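Trainee: Test case, fold it:
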Amino acid sequence: MQAEPVRILAVDDVPENLAALEALLSGDGVELLTARSGVEALELLLLHDVALALLDVQMPGMDGFELAEFMRGTERTRNVPIIFLTAVATDERRHFRGYEAGAVDYLLKPLDAHILRTKVGIFVELYRQRRELAQQRDDHAAALARLKAHSDNSPLAIVELDRRHCISAWSNGAERLFGWRSAEVAGFPISDFKWLAAEDAAAFAEAMGQFISGQTSRATLTAAFNTAEGFTLACECYCSALTDPAGRLISVNLQILDVSERRRAEETQRLLIGELNHRVKNTLASVQAIAQQTLRHSSGPVDFAPTFLGRIRALAAAHSLLSDATWRDASLRELIEGQLAIGAVGADRLRAEGPDLELAPEPALHLALVLHELVTNAHKYGALSVPHGRIELFWRVADGMLELDWAEQGGPPVAPPSRKGFGSALIERSLQADGGSAVPTYGAGGIGWRLAVPVLSLPRKTAAPRPVRTQVPAPDLPAQPACQSPALAGWRVLVIEDEPLVAMEIDTIIEDAGGTVVAILADAGAAIAAIGTARADCALLDGNLHGQPVDEIAGALRAAGVPFLFVSGYGRESLPSGFDGVPLVNKPFETHQLLDDIRSLIPAKAAARGN
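Mentor: Coordinates of the predicted model:
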């Protein structure tokens, strides 16, 4: 963009003199404004800024001295340099009056063109420099205003430190973030008001030393800072060195971003991913257990398929219910309605009454499978196997437990079985894992069950250790493949697992291999108590119990000298620290893998047995 011309005012009552000045001075970015009287000159001065005024002394009306006095009395023209041009021989008193009126020079006519151009050129250059400085001042002021606005409104806290680690600047963002006002901290070392967390002081001092020594001019640091209210914030600091033209450090500028929420979000994300991984693997392990247990107790593919698929559908329905509630809780009534939705039992044959209750995720999943087993057994052997049979289900809360009464009416008479099938075992152990119970009754009208489950708001009860069970295969079922040799003959194994289906599968695998499960425990307190009394050769430990870490249990097993392995859906990073040498069996697992890892716990004993 073309620069605005520098204007000079020339005042003379003789037109020829003005023409001569215009010919001499115009050009090269200079514009000459001419006036033939003092009044005309004042009018021009109201409209234009001028770098210099050339005033004729002798003019009719208002002479040059009077015009100069008017200019000095007005704020707009007070600082305009004045050169008097005169053809009259003057004495010292007239010179004095001119300088008193603000003149910077006197030139006598006839004018020396070279001298006039040189003097005018000096004032033109001075004016240009003043205008450039004024423009730079305005630009700097605008930049500072933008910087201040950014600093005041930025989510970053902007702080400057000098070579002595004293605060030289403290933005409004820093006041908002840390709570101290600028007047409270300016000039003080950062150590005086405990702003920087003690654990990061050494690393921060080392970084400042690198700035002071000139080893670096910028760096990014992670540090914890305290607030005036006593909170600690995790922050990222973007540091830059501010130096003088000689390269000496003036200050270190810190732009500090609070990343506490981001850190918490990252930690939450990590935990959620770990929890998702755990739940998926636990679910897969449950499906594996359902499949294998259903296969063991099925007469063939025709019997296996509907039983297995029904159990999977019941489990999936409960998962969907929990997913809709963001895995916080599930309605008991909706669990029951879920059985109706999948067509397990008609609404006209089921009477269900009780208060609206919420169940925690794991008890909800277990109870969904229990309800499905009850309905399935009712279809096969009970009230729903005949046209007019009915089921009544009532529930209530008593002493912090949810009690459910399942009663079948109009079905064939039932008697206590000679052996416990998978369905009955699933019902009992699913509720025992949550600190509840399941007790059957048998009568002429059908089977009944008294079920008990802890409600959501109460702590879980301790599940009693399950007595050793000897598996007796049903005479009408196909024989299951047996181990080639009693791989765990004589071994006593303690199982610490909160998922009843997985626990049942582990129990079956160990017993099929000739071992003995001394107890299946789903509670940390009961597990720690059993470690010293169960006389186990080894232990299988879940990665967590009901969402709680198992560090204390792992420590108790190590202290008691009981070798163990982890059986978990979690990865190694989510298991107790300090136990990296403990084997990990990931869920879902294969039978031979689990047996091989159990046998590896006691090499000497395995070698002595020759297996």
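
Trainee: which residues touch residue 204?
Mentor: 196, 221, 223 (Cβ atoms under 8 Å, 6 or more residues apart in numbering). (Glycine included, C-beta is placed from N, CA and C.)

Trainee: so which strand or helix has it?
Mentor: Element membership for residue 204, per DSSP states H and E: helix 201-213.

Trainee: for that helix, the distance to its chain's centre please.
Mentor: The chain centre lies 29 Å from the centre of helix 201-213; the measure is Cα atoms, centre = their mean, to the nearest Å.

Trainee: Just the buried residues of the helix or strand following it, please?
Mentor: Note on helix 201-213: by DSSP H and E, the next helix or strand toward the C-terminus is strand 218-226. Residues 219, 221, 223, 225, 226 are the ones in strand 218-226 that count as buried (16 or more other Cβ atoms under 10 Å).

Trainee: how far out from the middle of the chain is strand 218-226?
Mentor: Counting by Cα atoms, centre = their mean, strand 218-226 comes out at 18 Å from the chain centroid.

Trainee: Tell me if I'm right that residue 294 and residue 307 touch.
Mentor: Yes: here residue 294 reaches residue 307: they are 5.3 Å apart, a contact under Cβ atoms under 8 Å.

Trainee: Nearest residue to residue 383 in space, please, no chain neighbours.
Mentor: residue 389 (3.0 Å; Cβ to Cβ, 6 or more residues apart in numbering).

Trainee: coming back round to it: the helix holding residue 204 vs strand 218-226, what angle?
Mentor: For helix 201-213 against strand 218-226, the angle by axes from the mean of the first three to the mean of the last three Cα atoms, to 10 degrees is 150 degrees.

Trainee: State the mean pLDDT of helix 201-213.
Mentor: In this model, helix 201-213 has a mean pLDDT of 89.

Trainee: Got the phi and psi for residue 214?
Mentor: Residue 214 has phi and psi values of phi 80, psi 10 when expressed as degrees, to the nearest 10.

Trainee: Report the contact partners of it.
Mentor: Residue 214 neighbours (Cβ under 8 Å, 6+ apart): 247, 249.

Trainee: same check, this time on residue 13
Mentor: Counting by Cβ under 8 Å, 6+ apart, residue 13 makes contact with 36, 37, 56, 58, 59, 60.

Trainee: the domain parsing of this structure - what is it?
Mentor: The chain breaks down into these domains under automatic domain parsing: 6-144, 154-258, 297-454, 492-609.

Trainee: as a whole number, average confidence for the first one?
Mentor: Over the span of domain 6-144, the pLDDT mean works out to 87.

Trainee: Now do it: distance from first to last residue.
Mentor: End-to-end distance for domain 6-144, by Cα to Cα, to the nearest Å: 29 Å.

Trainee: what packs against the helix or strand hosting residue 136?
Mentor: Residue 136 is part of helix 113-153 when elements are defined by DSSP H and E. Helix 113-153 sits against strand 6-11, helix 15-25, strand 52-56, strand 103-108, helix 172-178, with contacts defined as 3 or more Cβ pairs under 8 Å, 6 or more residues apart in numbering; DSSP states H and E.

Trainee: Can you lay out these as JSON lines showing mean neighbour count and distance to residue 382?
Mentor: Converted to JSON lines, those look like this (neighbours: other Cβ atoms under 10 Å; distance: least, Cβ to Cβ, whole Å):
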{"stretch": "strand 6-11", "mean neighbour count": "23", "distance to residue 382": "110"}
{"stretch": "helix 15-25", "mean neighbour count": "15", "distance to residue 382": "120"}
{"stretch": "strand 52-56", "mean neighbour count": "25", "distance to residue 382": "116"}
{"stretch": "strand 103-108", "mean neighbour count": "15", "distance to residue 382": "120"}
{"stretch": "helix 172-178", "mean neighbour count": "20", "distance to residue 382": "67"}
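
Trainee: Dump those to JSON lines, plus distance to residue 453.
Mentor: Formatted as JSON lines, the helices and strands packed on helix 113-153 follow (distance: least, Cβ to Cβ, whole Å):
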{"stretch": "strand 6-11", "distance to residue 453": "95"}
{"stretch": "helix 15-25", "distance to residue 453": "105"}
{"stretch": "strand 52-56", "distance to residue 453": "100"}
{"stretch": "strand 103-108", "distance to residue 453": "103"}
{"stretch": "helix 172-178", "distance to residue 453": "48"}
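
Trainee: which one of these lies closest to residue 531?
Mentor: Closest approach to residue 531 among the helices and strands packed on helix 113-153 (Cβ to Cβ): helix 172-178, 49.5 Å.

Trainee: what helices or strands is the helix or strand that the closest one is followed by leaning on?
Mentor: In the C-terminal direction, the helix or strand that comes right after helix 172-178 (DSSP H and E) is helix 182-185. Applying 3+ Cβ pairs under 8 Å, 6+ apart, we find helix 182-185 packed against strand 167-170.

Trainee: can you give me phi and psi for the closest residue to residue 546 other than its chain neighbours?
Mentor: Nearest residue to residue 546, sequence neighbours excluded (Cβ to Cβ, 6+ apart): residue 498, at 5.4 Å. Phi and psi for residue 498, reported as degrees, to the nearest 10, are phi -90, psi -10.

Trainee: ok, residue 498 - contacts?
Mentor: Residue 498 is in contact with 362, 433, 522, 542, 544, 545, 546, counting by Cβ under 8 Å, 6+ apart.

Trainee: For it, give its distance to residue 369.
Mentor: Using Cβ to Cβ, to the nearest Å, residue 498 is found at 15 Å from residue 369.

Trainee: try residue 154
Mentor: 56 Å.

Trainee: what about the two, which has more around it?
Mentor: residue 369 (22 against 16; other Cβ atoms under 10 Å).

Trainee: Secondary structure class of the more buried one, three-state.
Mentor: Put simply, residue 369 is helix when judged by DSSP: H, G, I helix; E, B strand; the rest coil.

Trainee: pLDDT value on it, please?
Mentor: At residue 369, pLDDT is 77.

Trainee: Also residue 164?
Mentor: pLDDT recorded at residue 164 is 89.

Trainee: can you pull the contacts of it?
Mentor: Neighbour list for residue 164: residue 189 [criterion: Cβ under 8 Å, 6+ apart].

Trainee: SS state for it?
Mentor: Following three-state DSSP, we place residue 164 in the coil state.
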